[in-house]
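Colleague: I need the structure of the sequence given here:
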Amino acid sequence: MKNRYKNSALLIIIALMAISCVKDSDFSTPNVECVEQSLTVTNTLSQIKDMYAFGGTQFETDIIIEGYVVSSDQSGNIYKSLSIQDKPENPTAAIKIAIDQTDIYTKFEVGRKIYIKLNGLAIDYSYGSLQIGKISNSELEGISTFELDNHIIRSCEVATIVPKKVAIADLTEDMLEMLIELENVQFAAEEIGDSYANVDNTTTVNRKLQSFDASCNLTGEVEVRNSGYADFKNELLPEGKGSVIAIFSNYYDDFQLYLRGTYDVNLTETRCSYSNALTPNITLAEVKDMYAGSVVEFGVSNNYIVQGYVISSDEDGNFNERLIIQDAVENPTTGIQILVESDAIYENYNVGDKIFVNLDKLYMDEVDGALTIGYGSSIDEIDEEDFNTYIINSGENTTIVPTEITIVDVDSEMYKNTLVTVQNVQLVETELGKAFADFSGTADGIRTLETCGESKKLGVYTNGDATFANELFPEGHGSVIGVLGETLEVRTIDDVDFNEAFEVCPVIIPKIMITEVADPNNDVSARFVELYNAGDSEIDLTGWKLNKYVNGATAPSSGGYDLTGYSIAVGDFLIIANTGFSAAFALTPDIETTYMSANGDDSYELVDNAGVTMDMYGVIGEDGNGTNWEFEDGRAVRNITVVEPNATFTSSEWTIYSDTNNTLISNPNTPQNAPDDFNPYER
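Modeller: Predicted structure coming up:
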């Protein structure tokens, strides 16, 4: 028995010795009396940060700093780093320390005062963040576990950290790595229903936190960066409004927040409504008026906020990487296109959604004839990750009422980039039986609409990758809804409503004639060509060209002058003139262009939208000097008895004046001076 008691006593002594030998660092809350270290602080955090030099600063002297721990990696959201600030409350400086170790919180809990011996360490940037660590191969690395106790020493003091209250709009680089508190904040509407990070993988996810004033006006935004390894990553974002405490950090130029845990998120108040979140300070019409033919740079300090309603949808494959908005639900006056980098815009922006567009840092110009907003002076797509910075969905959705128009209205600027219903239309007869694009393949397609009795035609554009691209275009008669640009673009096959039988339209024979060519003796800048509609229908000149052949050339100069966008009513004229016409004749021509620089030995050809010669003055490939159509320093006027165009030049149809002694023309030696010897806009 005596030996047995001795053995038991020995076991107890050994156990007590083992407990007394456990190091303090092995427990999160050591149950031993703390002995304060005898260390003298030599520099402040601010002074150390000021010591940074390009390429990093290596510390080689006995420099000691102190700070209070504000970060925690207990939840797994903060990884291998420790953030400290110089005071528990109202700090003036803070910094991140890179440590090659996890579970740092077990030794350096929040509020713990620590000392850092910098000799052998360095200060440098990593991913844009200024940090203390070790330099290896010109890169900043974490302090290894084996060296940690040599450089970071715990004080006995554990202070209560009071987060620095600050507004998102007031965040600056000087606050990086501080513990801050943001009030009156909520997660963005488009984030609600999502978890903090990805449920299915370990990818880091940014969530947008927005701040509001007392009137629920949006005052700022900042990203909350959540690790795919955080133990709260599967939790849904809270839907309310309130306060958030976090470590304020950065990734290069982007500010971001790191949560220590969801206990720092207190969003229990009623959310702000997005209908009040932004206050538009400029209209779409005013934005459009800013465009004067060259790129508009919205800048960074105008703080332009414009409101609009979504009218496009890429759900069925049209409107790829484009979002079209207009300024009203009904009877809009303006529409604008926004380029966005996404394959599924409709998932965030549905037809009828009211959205706000923050124009800061964006640009505007015409792209393919449509006024367009996007990145940079080249007008590129807005990155998908930046959508919520520039395009904010209000959460309100309204039924859009398309404006009812006819085919003769499609060239009107007031309908451009807006949702319209083009009434009383059908496919042209030659396109009956065709698909929206093609029956196979992925080539884009344009089908042509017409209205019987009207010369104007309208193209319907379909992307070759649209879900309905290979479907038969309806063959009846009725209306089509779409966004109007240079063509009409439908959102879905249901936008075509042909509920009546196809109509066989009477053939319209255009009779557009050249009725005068002019080379004024006293002003070469006043040269012009006059066109006249001698037919029974107004003619749309889309696709038509006026070709000029100089000095006997067989190819038109510069490929001809495109007359798209112009039409000529029955019995009316179209004047295409050089830049001095207005001053010489006190009249404004329909078209003013330096293309009208041909003299009396050059010929003109009028070509329709099928490339067929409609009318001709002069002979292609022939220099006019000494010919029966020379009009040097004079003019040629179509005889009043001629009422139809002629694809072959016939001199007997013309009365020709020239200062040359040319007996082949009707009036040689008769120079013509502007304005008295000419009669534009008359027959």
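
Colleague: strands along the stretch 151-300 of the chain, start to end?
Modeller: With DSSP state E, counting those that start in this stretch as the criterion, the stretch 151-300 of the chain has strands at 152-158, 164-165, 179-187, 205-212, 218-226, 241-251, 254-258, 265-269, 296-297.

Colleague: need those in CSV (columns: distance to Leu284).
Modeller: Any C-beta I mention is one placed from the backbone N, CA and C, and that applies to glycine too. Listed next are the strands of the stretch 151-300 of the chain as CSV, based on distance: least, Cβ to Cβ, whole Å:
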stretch, distance to Leu284
strand 152-158, 57
strand 164-165, 38
strand 179-187, 28
strand 205-212, 24
strand 218-226, 19
strand 241-251, 30
strand 254-258, 30
strand 265-269, 34
strand 296-297, 13
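
Colleague: distance to Asp124, mean pLDDT and mean neighbour count added to these, as CSV?
Modeller: As requested, these are exported to CSV (distance: least, Cβ to Cβ, whole Å; pLDDT from 0 to 100; neighbours: other Cβ atoms under 10 Å):
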stretch, distance to Asp124, mean pLDDT, mean neighbour count
strand 152-158, 18, 96, 17
strand 164-165, 25, 97, 16
strand 179-187, 23, 97, 22
strand 205-212, 25, 93, 20
strand 218-226, 21, 90, 20
strand 241-251, 15, 97, 21
strand 254-258, 19, 95, 18
strand 265-269, 32, 97, 16
strand 296-297, 36, 96, 16
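
Colleague: tell me which of the ones you listed lies nearest to Glu173.
Modeller: The closest of these to Glu173 is strand 241-251. By Cβ to Cβ, the value is 7.6 Å.

Colleague: what lines up beside that closest one in the sheet?
Modeller: Strand 241-251 has the following strand partners under DSSP bridges: strand 179-187 (antiparallel), strand 254-258 (antiparallel), strand 265-269 (antiparallel).

Colleague: could you give the angle of the longest one to strand 205-212?
Modeller: Relative orientation of strand 179-187 with respect to strand 205-212: 90 degrees, computed using axes from the mean of the first three to the mean of the last three Cα atoms, to 10 degrees.

Colleague: quick revisit: need the strands paired with strand 241-251 in TSV (columns: distance to Tyr390).
Modeller: Shown next, in TSV, are these (distance: least, Cβ to Cβ, whole Å):
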stretch	distance to Tyr390
strand 179-187	18
strand 254-258	15
strand 265-269	25
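
Colleague: looking at those, which is nearest to Asn470?
Modeller: Proximity to Asn470 (Cβ to Cβ) singles out strand 179-187 among the strands paired with strand 241-251, at 42.1 Å.

Colleague: contacts for the closest one, please.
Modeller: Here strand 179-187 makes contact (Cβ atoms under 8 Å, 6 or more residues apart in numbering) with 70-71, 83, 85, 161, 163-168, 171, 207-214, 222, 224, 237-248, 257, 267, 271-272.

Colleague: go on, stretch 621-636?
Modeller: Stretch 621-636 is contacted from outside by 516-521, 549, 551-554, 599-603, 617-619, 649, 651, 654-660, 662, 664-665, 667, 670-672, 677-678, using Cβ under 8 Å, 6+ apart.

Colleague: mind checking how far that stretch is from the chain centre?
Modeller: Mean C-alpha position of stretch 621-636 versus that of the full chain (Cα atoms, centre = their mean, to the nearest Å) differs by 53 Å.

Colleague: how long is it end to end?
Modeller: Stretch 621-636 has its terminal residues 19 Å apart, counting by Cα to Cα, to the nearest Å.

Colleague: and it, what's its mean pLDDT?
Modeller: Per-region confidence: stretch 621-636 scores 96 on mean pLDDT.

Colleague: next, the buried residues of that stretch.
Modeller: Within stretch 621-636, the residues scored as buried using 16 or more other Cβ atoms under 10 Å are 622-624, 627-636.

Colleague: show me where the chain has helices.
Modeller: Secondary structure of the chain (DSSP state H): helices at 2-21, 45-50, 145-151, 284-289, 387-390, 581-585.

Colleague: could I have the third one exported to PDB, CA atoms only?
Modeller: Just to be clear, that refers to helix 145-151. Below are the C-alpha coordinates for helix 145-151, written out as PDB (Å, rounded to 0.1, in the frame of the first residue of the first chain):
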ATOM      1  CA  THR A 145       5.600  30.600 -37.600                       C
ATOM      2  CA  PHE A 146       9.200  29.900 -36.500                       C
ATOM      3  CA  GLU A 147      10.100  33.700 -36.500                       C
ATOM      4  CA  LEU A 148       6.800  35.000 -35.200                       C
ATOM      5  CA  ASP A 149       7.700  35.100 -31.500                       C
ATOM      6  CA  ASN A 150      10.900  36.900 -32.300                       C
ATOM      7  CA  HIS A 151       9.000  39.800 -33.900                       C
END
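
Colleague: before we move on, back to that, of all the strands paired with strand 241-251, which lies closest to Val401?
Modeller: strand 179-187 (32.7 Å).

Colleague: between strand 218-226 and the closest one, find me the angle.
Modeller: For strand 179-187 against strand 218-226, the angle between stretch directions is 110 degrees (the same axes, to 10 degrees).

Colleague: chain center to strand 179-187: distance?
Modeller: Taking Cα atoms, centre = their mean, one finds strand 179-187 lying 29 Å from the centre of the chain it belongs to.

Colleague: try stretch 69-77
Modeller: Its chain's C-alpha centre and that of stretch 69-77 lie 38 Å apart, by Cα atoms, centre = their mean.

Colleague: that one: end-to-end distance?
Modeller: First residue to last in stretch 69-77 (Cα to Cα) measures 16 Å.

Colleague: for stretch 188-200, same thing?
Modeller: End-to-end span of stretch 188-200 (Cα to Cα): 22 Å.

Colleague: next: stretch 400-418.
Modeller: This stretch, stretch 400-418, spans 10 Å end to end (Cα to Cα).
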